[in-house]
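Peer 1: Quick check, what structure comes out for this input:
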Amino acid sequence: MRGGLVALAVLTAVAAAGCDDGPRPDLVLKGTPPAAPYGGPLDVPTRETDESGPRALLLASGAAGRALECDGEIFDGSGPDGWSRSDGGATPTEGLALYFDMFQPEEPDHGYRVERKERDRVLYSYDVGGRTKVAVVVARDQKDRPGWGPETSAACDPAELPESFTATTDWQIWTDRAGRRVPVSRLRSSTGPEHCGWQSASFLRLEDRTYARDPDGVLHRDGLLPKPYRAKVRMPAGAHDTGYHRRGRRLWLTDGRATAYVRTAAGVEAWPLLKEGVGCD
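Peer 2: Numbering: from 1, shown residues only. Now for the predicted structure:
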């Protein structure tokens with residue numbers, strides 16, 4: 001369940017804390033735990049399902065998912081994936097560092113704090129405004145896995161993470177009319193992956209639809225865009241400003257939403273709908 005944007009972008013992994021060099025010194029912050037830490041059990045059974053969505057992520061992420069304090073729904077979550085006999089850390093902090101080394105999640109790799117500590121488990125949280133946005137539970141001496149290592153993990157939508165972090169990633173966060181960051185689960189954009197020859201294209205995913213900017217025609221030539229991208233059009237009379245904007249681009253839509261109209265300083269572009277199921281492996 002980790003990820004979820006394979007069809008749209010190749011995500012750049014956050015720099016991991018290498019086990020050979022030991023955890024980075026700012027991985028865990030010193031200080032007191034939060035005034036109202038997560039009060040539930042840290043040993044919560046996990047279950048993988050064939051479903052997707054928030055319920056499935058909560059089932060898969062155990063205590064980590066329950067410790068989140070998201071503004072919206074849980075965005076990512078995972079249960080025990082195991083570390084080998086030689087991987088386990090000597091301390092809980094080394095177990096947290098192993099999480100980044102093993103999975104290289106696109107999440108902040110420093111600035112965590114101990115939210116709860118038990119004899120065999122520690123809950124680490126990455127907080128924004130005093131609320132937990134990323135949670136990792138590390139455990140000690142699991143079956144066939146001696147030492148400390150990651151047991152469960154979960155994260156809120158990337159839009160709830162600081163801009164200083166998301167600006168270093170491939171997440172392209174849009175803003176609404178009021179200046180609030182829009183969840184990427186609702187709206188996201190990305191540059192086409194180079195290994196598929198789509199680097200000149202851009203994608204815009206709005207809920208269940210994906211639109212494409214294709215100035216070189218690479219997607220249209222491959223039959224992935226039923227209609228060609230148009231670099232300069234008149235704004236249709238029935239189009240309305242959604243209020244969503246990012247770096248000089250504003251998104252307009254008609255009621256049918258068959259085309260995304262993107263207003264820029266140079267004019268209006270027409271981004272056609274991408275065929276369903278299109279992906280780049």
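Peer 1: Show me which positions of stretch 192-205 end up buried.
Peer 2: 192-193, 198, 201-205 (16 or more other Cβ atoms under 10 Å). No exception for glycine: its C-beta is placed from N, CA and C like everyone else's.
Peer 1: Please list the outside residues in contact with that stretch.
Peer 2: For stretch 192-205, contacts defined as Cβ atoms under 8 Å, 6 or more residues apart in numbering pick out 8-10, 187-191, 210-216, 218-219, 251, 260, 262, 271, 274, 280.
Peer 1: Tell me where the model's unsure across the stretch 151-281 of the chain.
Peer 2: 281 (pLDDT under 70).
Peer 1: now the strands for it?
Peer 2: 187-191, 202-206, 209-213, 240-246, 249-253, 259-264, 267-272 (DSSP state E, counting those that start in this stretch).
Peer 1: And the last one, how far out from the chain middle?
Peer 2: Centre-to-centre, strand 267-272 and its host chain are 27 Å apart (Cα atoms, centre = their mean, to the nearest Å).
Peer 1: and the angle for it with strand 249-253?
Peer 2: For strand 267-272 against strand 249-253, the angle by axes from the mean of the first three to the mean of the last three Cα atoms, to 10 degrees is 60 degrees.
Peer 1: for the fourth one, same thing?
Peer 2: Following the same axes, to 10 degrees, one obtains 150 degrees for the angle between strand 240-246 and strand 249-253.
Peer 1: From the contact counts, what lies against strand 240-246?
Peer 2: strand 249-253 (3 or more Cβ pairs under 8 Å, 6 or more residues apart in numbering; DSSP states H and E).
Peer 1: name the helices or strands packed onto the strand it packs on?
Peer 2: Counting by 3+ Cβ pairs under 8 Å, 6+ apart, strand 249-253 packs on strand 240-246, strand 259-264.
Peer 1: The same query, at a cut-off of 10 Å, please.
Peer 2: If contacts are counted by 3 or more Cβ pairs under 10 Å, 6 or more residues apart in numbering; DSSP states H and E, strand 249-253 sits against strand 187-191, strand 202-206, strand 209-213, strand 240-246, strand 259-264, strand 267-272.
Peer 1: ok now the fourth one, how far from the chain's centre?
Peer 2: Here the centre of strand 240-246 is set off from its chain's centre by 22 Å, with Cα atoms, centre = their mean.
Peer 1: And the helices in this protein?
Peer 2: Applying DSSP state H to the chain gives helices spanning 54-67, 92-103, 163-166, 218-221.
Peer 1: Save those helices as TSV, and put in mean neighbour count and distance to S78 too.
Peer 2: As requested, the helices of the chain are exported to TSV (neighbours: other Cβ atoms under 10 Å; distance: least, Cβ to Cβ, whole Å):
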stretch	mean neighbour count	distance to S78
helix 54-67	22	6
helix 92-103	23	8
helix 163-166	14	20
helix 218-221	18	32
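Peer 1: Many thanks, have a good one.
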